[in-house]
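# Fold the following.
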Amino acid sequence: MLLTATLGLLLAAPLHAAETSPPPGELTGGATTVWVDGKNAFSLPAANLSDEERTRFAIGNSFFKRNWVEAPASTKVRDGLGPHFIARSCGGCHALDGRGRPPEVKGGRHEQPVGLLMRLSVPGVADPHEGVLPEPTYGGQFNNAAVQGVRPEGEVTLRTTPVRGRFADGSRYTLQQPVYGFRQLAYGPMSPKVLVSPRVAPQLMGIGLLEAIAEADILQNAADQAASPGPIKGQVNRVWDAVAQKEMVGRFGWKANVASIAHQTAGAFRGDIGITSVWAPGEGCTPVQKDCLQASSGGHGGAFEIDQPTLEDVVFYQAVLAPVARRQIKDPQVRQGQALFEQAGCASCHRPSYTTHQGPNPSMSSPTLNGQTIWPYTDLLLHDMGPGLADGRPDFAASGSQWKTPALWGIGLIQAVNGHTRLLHDGRANGVLEAVLWHGGEAQAAQQQVLQMSRAQRAALVKFVESL
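Okay, the predicted model is just below:
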């Protein structure tokens, strides 16, 4: 079932043998770390997996990357697509286990997004298990594709407006503020109070290690910031986890609105592909969408469209995707950039290191992830990033201007894997420096320090971040 390219990767995970005592931070995932670059940099299993675990990784990889088809079909293990969807596979959004991007202009028109989705909600009392109140006609997510006999919900539009500024040395820069909209809406207008949040699909390497960070460490991050002087005051997002059936600390999603990889995976199967499971039942058709409701009543006759063992294999696959070792760690420019990163206060939110513990769902992870010293550069907390980045859409405890600190490891390889350098929650930033320039709110002081840096210092800062 595996793609040919993946078969050749499964044994390609030994640690570099030339250095017996690597510098601190070079082994980003401890013993799980792999030494690789190029297009497959995010797609390797943890280096310390057993042979049995590598087999399970291969099975999960197959179901993650292969397309699902409409039901009923002769391929029973992969049917059930839709009725509404935005992608036909997990890999459709996370190409090569990497990062999505905003739509591009082709032939004078913006293509329809795949690796970027549009969250929808309206103000009001949120569903305690969903964290938001879905838009009444189009639900919690806008889907621009559909199976035969069902109308796609519509099309996404995008325009940008320039945001100009200059550094202290006189160098000018121009950022692009995205403005999203909708057209050809199939089921009538949206609520005039609709709240819209574009979210780009992030790269997946190392997420099992992020899941294995103890909740106590995340809570301590918030306590330490609360007790420290200055504007950095990160907050925990507490969210409902469908797998554990309890409230937990959120750590995934751009607003830390998901607590576990298992919940995130089930939700993405249903929301992005239209594949139901025990943790995410129901197709998500709203009462207005009669064709969607009619289509959802066929196919599997109400049964879940991905069985539990397969779903757990897909979760396992993601959990053991290995982080990549740092590059050029001894380069003088990288070292200069690291000093500037710390001087600007970036490490206050982008906490460098943790020691992992057992995650919440050990049957869908590996014990080899436990007890590792890892270097993801995140505090997994929500921070107010100011009006420039605000989407105005609350999500559980997250406000409309708060975003979770993203992990920085692997950021320098997005270009090699996915052919672009789009960063931030909606991909608006083209590269590390633009991402920094968008920082506001709690991060305003750090952004101001970067504005004062010379061209050479800015280049060193970017090179350091891209080495992670």
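
# ranges for the strands of the stretch 51-200 of the chain?
84-85, 105-106, 109-110, 116-121, 141-142, 145-146, 155-166, 172-183, 195-200 (DSSP state E, counting those that start in this stretch).

# Compare those and give me the one nearest residue 32.
strand 195-200 (25.2 Å; C-beta to C-beta). All C-beta spots, glycine's among them, are computed from the backbone N, C-alpha and C.

# what comes into contact with the closest one?
Strand 195-200 is touched from outside by 99-102, 113, 115-123, 178, 180, 253-254, 391-395, 400, 422, 424-427, with contacts defined as C-beta atoms under 8 Å, 6 or more residues apart in numbering.

# let's see it at 7 Å
Applying C-beta atoms under 7 Å, 6 or more residues apart in numbering, the contact partners of strand 195-200 are 99-102, 115-122, 180, 254, 391-393, 422, 425-427.

# So which bits of it are buried?
195, 196, 197, 198, 199, 200 (16 or more other C-beta atoms under 10 Å).

# Stretch 116-131 too?
Quick answer for stretch 116-131 (16+ other C-beta under 10 Å): 116, 117, 118, 119, 120, 121, 122, 126, 130, 131.

# Could I get those in a markdown table, plus columns for pLDDT and distance to residue 293?
Listed next are the buried residues of stretch 116-131 as a markdown table, based on pLDDT from 0 to 100; distance: C-beta to C-beta, whole Å:
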| residue | pLDDT | distance to residue 293 |
| --- | --- | --- |
| 116 | 94 | 27 |
| 117 | 95 | 22 |
| 118 | 97 | 21 |
| 119 | 97 | 22 |
| 120 | 98 | 18 |
| 121 | 98 | 21 |
| 122 | 98 | 21 |
| 126 | 90 | 24 |
| 130 | 93 | 19 |
| 131 | 95 | 24 |
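
# Most tightly packed of the strands of the stretch 51-200 of the chain?
Among those, strand 84-85 has the highest mean neighbour count (mean count of other C-beta atoms under 10 Å), at a mean of 27.

# tell me the mean pLDDT over it?
Averaging pLDDT along strand 84-85 gives 96.

# Which neighbours in the sheet does that strand have, and how are they oriented?
strand 145-146 (antiparallel) (DSSP bridges).

# distance between the partner strand and the chain's centre?
In terms of C-alpha atoms, centre = their mean, to the nearest Å, the centre of strand 145-146 is found 23 Å from the chain centre.

# ditto for stretch 60-72
Using C-alpha atoms, centre = their mean, the offset of stretch 60-72 from its chain centre is 20 Å.

# Pull out the buried residues from that stretch.
So for stretch 60-72, counting by 16+ other C-beta under 10 Å, buried means 60, 61, 62, 63, 64, 65, 66, 68, 69, 70, 71.

# Distance of residue 190 relative to residue 390?
20 Å (C-beta to C-beta, to the nearest Å).

# Which residue ranges of the stretch 201-350 of the chain form helices?
For the stretch 201-350 of the chain, helices defined by DSSP state H, counting those that start in this stretch occupy the ranges 207-211, 215-227, 261-268, 290-296, 308-319, 332-343.

# Worst mean pLDDT among those?
Mean pLDDT is lowest for helix 290-296 among the helices of the stretch 201-350 of the chain, at a mean of 92.

# List the buried residues in that one.
291, 292, 295, 296.

# before we move on, what about stretch 387-398?
Buried residues in stretch 387-398 (16+ other C-beta under 10 Å): 388, 389, 390, 391, 393, 394, 395, 396, 397, 398.

# Among the residues you listed, which pair sits farthest apart?
Top of the distance list for those (C-beta to C-beta): 388 and 396, 22.6 Å.

# Surely residue 112 and residue 103 touch.
Yes: counting by C-beta atoms under 7 Å, residue 103 is a contact partner of residue 112 at 6.4 Å.

# okay, the two: which has more neighbours?
Legend: neighbour count by other C-beta atoms under 10 Å for residue 112 and residue 103, higher for residue 103 (19 against 16).

# how close does that one sit to residue 118?
11 Å.

# same deal with residue 241?
24 Å.

# try residue 184
According to C-beta to C-beta, residue 184 and residue 118 sit 14 Å apart.

# Repeat that for residue 160.
Taking C-beta to C-beta, one finds residue 160 at 16 Å from residue 118.

# List the contacts of the nearest residue to residue 111 once chain neighbours are set aside.
Excluding its sequence neighbours, the residue lying closest to residue 111 (C-beta to C-beta, 6 or more residues apart in numbering) is residue 103, at 4.6 Å. By C-beta under 7 Å, 6+ apart, the residues touching residue 103 are 110, 111, 112, 113, 158.

# And the pLDDT for the third one?
In this model, residue 112 is scored at 89, pLDDT.

# Now the spatially most central residue of the chain: closest residue in space that isn't a chain neighbour?
Centrality entry for the chain: nearest residue to the mean C-alpha point is residue 202, 3.1 Å, by C-alpha atoms, centre = their mean. Sequence neighbours aside, residue 99 is the residue nearest to residue 202 in space, at 5.8 Å (criterion: C-beta to C-beta, 6+ apart).

# What is the neighbour count of the one you found?
Count around residue 99 with other C-beta under 10 Å applied: 27.

# wait, it sits on residue 415?
No: contact criterion C-beta under 7 Å: residue 99 and residue 415 do not qualify, at 10.0 Å.

# Which among the helices of the stretch 201-350 of the chain is found nearest to residue 453?
Nearest to residue 453, of these and by C-beta to C-beta, is helix 332-343 at 6.9 Å.

# so what does that closest one touch, helix or strand wise?
helix 455-467 (3 or more C-beta pairs under 7 Å, 6 or more residues apart in numbering; DSSP states H and E).

# got the angle for the helix it packs on vs helix 332-343?
Computed with axes from the mean of the first three to the mean of the last three C-alpha atoms, to 10 degrees, the direction of helix 455-467 lies at 90 degrees from that of helix 332-343.

# Report the buried residues of helix 455-467.
So for helix 455-467, counting by 16+ other C-beta under 10 Å, buried means 457, 458, 460, 461, 462, 463, 464, 465, 466, 467.

# cool, and stretch 373-392?
Within stretch 373-392, the residues that count as buried by 16+ other C-beta under 10 Å are 374-386, 388-391.

# Can you list the low-confidence ranges for the stretch 51-200 of the chain?
Within the stretch 51-200 of the chain, the ranges that satisfy pLDDT under 70 run 106-108.

# again, only this time at 80
Residues of the stretch 51-200 of the chain that meet the criterion pLDDT under 80 lie in 72-76, 105-110.

# can you tell me the helix or strand for the closest residue to residue 429 other than its chain neighbours?
Leaving aside its chain neighbours, residue 429 sits nearest to residue 435 (3.9 Å; criterion: C-beta to C-beta, 6+ apart). Assessed by DSSP states H and E, residue 435 sits inside helix 432-437.
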